[in-house]
Every structure is written in C-alpha cells, then in structure tokens.
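K.L.:
When you get a sec, could you give me coordinates for this:
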Amino acid sequence: MSINRQEVVKTLGIAAASAGFSGIGSATQNSSVQVNSIYGSEESPLSEGDIIDTQQQTKANSEASSSITVKPDDSYGRIVGFVYGIDESGRATFYVAKEPEEEAVEPQDQSESAVSKAKKFESELKKANRLFTETSVVSPSGIDPEWNHVTNGYTPYDRRPYGKLVESVDVYELDEDTTTNRFAMRQNANIYPGQAEWDNGYHWWYAEPEHKWDQGVLDYNPVDRAPRDDKTGGVDKKSVAISAGGPEISWQFSQPDVARYDESNSQVAKWHWNAMTDPLSYGDNQHALFKTGSTAETRDNPSDGDTLLGWGTMAKFTSRDRVDADVDEFGAGGRLEYDD
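P.N.:
Have a look, this model is predicted:
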C-alpha cells in the first residue's frame, strides 16, 4: 500500500509536490506501524518529558523497539504537538508542531494551525500503516543497502508574515561488523518567503543548515559532506553523494542564483546560503530547497543517554522596506540520544 504523494503534500501545507519535502512520496514495505501523539497549546506547550514519554509509550506498544530518542529543539517557538511512529523493523518517524511565541506574528487560520496540520499527518500515517520514507523520492537507487535507516522526521514552522521553514531529516547507520560506528544525516531545508506564500513583500535573506557531530561525549570524526565548497550562482540538479569509506547515499542538488558558503570544520557540517550578496538586492522572493548530507565515524560505543548527533536550520527573512526593514530570524532542529 502506498500513500498518494500529492495528498500528503497538501496535508502538510506544502505548496507543491516539487518542494522535495523529505519523506513524502512512498511508504516502507513493512507491514505494521505503531503511532502515538501528544498535543498541547500555545498556553500550555509540550515539555521535553512529554515528548520522551510519548516515545517510550510507543516503543512499549510496538513489536520492535528503537534505540533512538528524539529531543526536538524548542527555541524560537513553542512545541504544541508531537507525533511518533515506529515500524516492526525498529525504524522511527516523528513530526514536530511548532507555534511562534511572539505576539507580533500574525495569527494563522485555525484550520492551518500547527496542531491541525500535525493531526492530519497523524491521520494519514495511521491510514497508510506505513512509515513515509525519503528513499524513492530522491532516487530509488540513491541509498546503498548497507545503510540502515534509523529515523526520519519533519518540522514545519510557519511565522506569518515573514515566511515558513520546513525541515526534514533522515539518519542512517552503516551496517558493518567493525570496531567503528558510522552514521549519516540527510537534511532538507525548505524556505518559503512571505512573498511566495502570501504576496506580502517579505523575502528570505539567508538559510543555515547544520549537522552537529560535536554534541555529547562521543568522539566523532566527520568523514564526508555534500555539497562541498563555496559557490555563487545557480546549480541545477547536480548529482552529489556522501560515504563513509564505501557505501554511498546520493541525491540531486540544486540551488537558486545565490551564494553558498561552506562553513564546515572538524566537528560540524554547516552551510550558509545568502540571497543578499548584492547591496541593492532584497533577498529572494521564491521558494528554495537546500539538500545537505554528511557522515561521521567514532570508535566509541554509545551508552544510555549519550547524544548521537544534533542538527538545526536557521532562516532569516526581511521586508523590502530598506529604511525600516522588518527582519525575523528563526529555526528548527533537535538531537538524537541513544536509548539502551
């Protein structure tokens, strides 16, 4: 059974199927999925304990268990909903619903609220009885079978009038009988400026995806990342890949006519896309999708409670009023912990 891609994209509030929202488009071939959720409100947002308890309850009711616990970042907004599913192979999926904190942010129609969208996602997940996966959306042969898909998740975040950030992540572990543990992260950052969504003159200024391999006590050595290096100008469907000394994860990468700065170092993989390199420009008023990936390895064996990795995406938006510009910066992200 597969789920209709257009319907799920519509359900999640994505403007078009071509947005490349990671995880949308197909379902896994496993035959059962256990789903649980918890919802709060702007006045009573979810705590980290609420989110952890929901995952533990799902694992207890599932035929299989996951060794990963998700801890979403509650910066730049309140977490008002969390959906968690696990299939019989132990692979998990999650959905984080966030609402803005600031009173100045324009209110959304109730049917378009973060909780409403999360409940639609939960309903579709239960009806499909499959976990959504990125694999066949990117490329049917884009992920070598030695990479085990550990978890994937989505965080859509609307902040009208500025724009929307839709972040999705996929985490893999390399199945090898060695003394080295190897992991990979694929991340999609969808940037929707207010001009593209609501025709209001707000453009996106910059976007910063980051894979934080330096969190926790594990001594990671980043191995590979894509895209690499600085680049100014458009890129159209370039094939890129990451590996950890063998098996690859590959995808097609594009970028609009903006500047990319590779700010990665020996501990993190980080990119900065800037749409305001021209002093007379107002940023970009179109949707942008940035697909990134990285791998890392460690000889450490994780213990209960150890952070495996963290991630995040920051986005900045601005109005076209150059005299008194209205600027807003916000983000999404989280971390994964080992749960023995």
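
K.L.:
Just to check, Val35 is in contact with Lys127?
P.N.:
No: the criterion here is Cβ atoms under 8 Å, and Val35 misses it with Lys127 at 10.3 Å. C-beta coordinates here come from the backbone N, C-alpha and C atoms, glycine included.

K.L.:
Tell me which of those two has more neighbours.
P.N.:
Val35 (19 against 10; other Cβ atoms under 10 Å).

K.L.:
And Val150, how far from Asp324?
P.N.:
Val150 sits at a distance of 47 Å from Asp324 (criterion: Cβ to Cβ, to the nearest Å).

K.L.:
who's more crowded, these two?
P.N.:
The neighbour count for Val150 versus Asp324, taken as other Cβ under 10 Å, is higher for Val150 (20 against 6).

K.L.:
Confirm the more buried one sits in a helix?
P.N.:
No: looking at Val150 with DSSP: H, G, I helix; E, B strand; the rest coil, it is strand, so not inside a helix.

K.L.:
Make 317 the starting number, not 1.
P.N.:
Noted, 317 is the first residue going forward, which turns the last one into Val466.

K.L.:
Name all residues that make contact with it.
P.N.:
382, 384, 407-408, 487-489, 499 (Cβ atoms under 8 Å, 6 or more residues apart in numbering).

K.L.:
ranking those by neighbours, who comes first?
P.N.:
Ala408 (30 neighbours).

K.L.:
thinking it is in contact with Tyr400, fair?
P.N.:
Yes: counting by Cβ under 8 Å, Ala408 does reach Tyr400; the two are 6.8 Å apart.

K.L.:
which residues do those two both contact?
P.N.:
Shared contacts of Ala408 and Tyr400, counting by Cβ under 8 Å, 6+ apart, come down to 371, 386.

K.L.:
and the end-to-end length of stretch 580-592?
P.N.:
Distance between the two ends of stretch 580-592: 21 Å, counting by Cα to Cα, to the nearest Å.

K.L.:
Distance from the chain centre to it, please.
P.N.:
16 Å (Cα atoms, centre = their mean, to the nearest Å).

K.L.:
same check, this time on stretch 458-466
P.N.:
18 Å.

K.L.:
Now do the buried residues in it.
P.N.:
The neighbour-count check on stretch 458-466 (16 or more other Cβ atoms under 10 Å) flags 458-459, 463, 465-466 as buried.

K.L.:
need the residues you listed in TSV with distance to Thr608 and pLDDT, can you?
P.N.:
Output for these, formatted as TSV (distance: Cβ to Cβ, whole Å; pLDDT from 0 to 100):
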residue	distance to Thr608	pLDDT
Gly458	14	79
Ile459	15	87
Trp463	16	92
His465	17	90
Val466	18	91
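
K.L.:
Reformat those residues as a markdown table; add distance to Gly532.
P.N.:
Output for the buried residues of stretch 458-466, formatted as a markdown table (distance: Cβ to Cβ, whole Å):
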| residue | distance to Gly532 |
| --- | --- |
| Gly458 | 29 |
| Ile459 | 25 |
| Trp463 | 21 |
| His465 | 21 |
| Val466 | 16 |
